[in-house]
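> What follows is a predicted protein model with its sequence.
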Amino acid sequence: MFRNREVKYGFFILLGIGVLTGSAVYGASREALLYFAVFFAAAVSVYLAVNFLRYRKIRKLSIYLKRVLNGEQGLSAPDNEEGELSLLRNDIYKLITRLETQAELLKADKVYLADSLSDISHQLKTPMTSMMVMTDLLHDEGLPPKMRGEFMATIRSQLERMEWLLNALLKMSRLDAGTVRFRTERVKASELVSRAVEHLLIPMELKDQQLEILAGEDQYVDCDISWTAEALSNVVKNCMEHTPEGGTIKISCEERSFYFQLTVEDNGEGICPEDLPHIFERFYKGKNSGKDSVGIGLAMAKHIINKQGGQIEAESRKGEGTRFHIRLYRKVV
């Protein structure tokens, strides 16, 4: 206890005051000195007892912090007594609880990052292995020109797929890091849909697929047009990949009281019931996924819509097509 400088200095100051006061009282009468000595002894005892109890609480608090620093978890809850030390203990407990929560979140982030890197490496490994094999075969001078052309076309296709994957992952990382700033503006629904499907028109034409757009010129939606077009494009692309040749994809717009709804539906093969709850998960590939599917397009679409305060959901029946609903809520002023 006397290692505490405040306790030690306080004791010596109290002792000095007692000696000076005792000397003054001694000159008056010995009986008064006796009373003062008893009173002074009691005061010193109370001072030492109070500081001893205070020091013991501080020591317990110090041991408590050392246990926390050693990595112990689930320590006792704070006390409910009054006093500065109890308030300090409660504040420390709150801080430790918050730090433990942050540590759990960081641990979950590390696991998620490790899983994501594993998925990414798997997605890149397959096309890279395929391209390496075909590159070795291209060194064969006796390779027929037709087969050489097929290999070159396949390599280009794999490179385009890898480029799309890397671009998508970069966009997802920006969304995850919170560096994207959505600029909400009032735009025409028809302009939003046109921008979303512009680069998909030729692939649809090659598959003889029909695209129906039901968006009036007087319909407006509040959103970030660039990112929302990206999300809508990924949804349409998913429908296109799961709709057979000659199929139909329809995009309709509807204004409601509190939100604007975009509906994308196809008459394709549909989604298996066991896959439906997971289609918006990153790198998830259902039973009907194509061989070139990566499993990131719908996840990105959901992330973009959610970041703008909207919702996206899907409903489907096997063999009857799929319908996606995108809801963008209006800002209430």
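That came through fine. Numbers count the residues shown, from 1 in each chain.

> Only C-alpha atoms from now on, for both contacts and neighbour counts.
Fine.

> which residues touch stretch 186-197?
213, 215-223, 225, 228-230, 232-233, 236, 253 (Cα atoms under 8 Å, 6 or more residues apart in numbering).

> mind listing what's buried in that stretch?
188-190, 192-197 (16 or more other Cα atoms under 10 Å).

> and residue 67, what pLDDT?
Note for residue 67: predicted pLDDT of 75.

> next helix or strand past the helix or strand hosting it?
Using DSSP states H and E, residue 67 sits in helix 30-69. For helix 30-69, the following helix or strand on the C-terminal side (DSSP H and E) is helix 84-138.

> now that next one: how far from the chain's centre is it?
Taking the mean of its C-alpha atoms, helix 84-138 sits 11 Å from the chain's own mean (Cα atoms, centre = their mean, to the nearest Å).

> how much distance is there from the helix holding residue 67 to the middle of the chain?
The chain centre lies 51 Å from the centre of helix 30-69; the measure is Cα atoms, centre = their mean.

> which strands and helices sit next to that helix?
Counting contacts by 3 or more Cα pairs under 8 Å, 6 or more residues apart in numbering; DSSP states H and E, helix 30-69 packs against helix 5-28, helix 84-138.

> Buried residues, it. List them.
33, 36-37, 40, 44, 48, 51, 55, 61, 64-65.

> Over to stretch 211-231?
Quick answer for stretch 211-231 (16+ other Cα under 10 Å): 211, 214-215, 220-225, 227-231.

> Check stretch 138-157 too.
138, 148, 151-152, 154-155.

> do the same with stretch 95-108
96-97, 100.

> just to revisit the earlier point, mind listing which of the buried residues of stretch 186-197 are in strands?
Judged by DSSP state E, strands contain the following of these: residue 188.

> Which member of the buried residues of stretch 186-197 is positioned nearest residue 105?
residue 196 (35.4 Å; Cα to Cα).

> which residues touch the closest residue to residue 247 other than its chain neighbours?
Once flanking residues are discounted, residue 247 sits nearest to residue 209: 5.0 Å by Cα to Cα, 6 or more residues apart in numbering. Counting by Cα under 8 Å, 6+ apart, residue 209 makes contact with 244-249.
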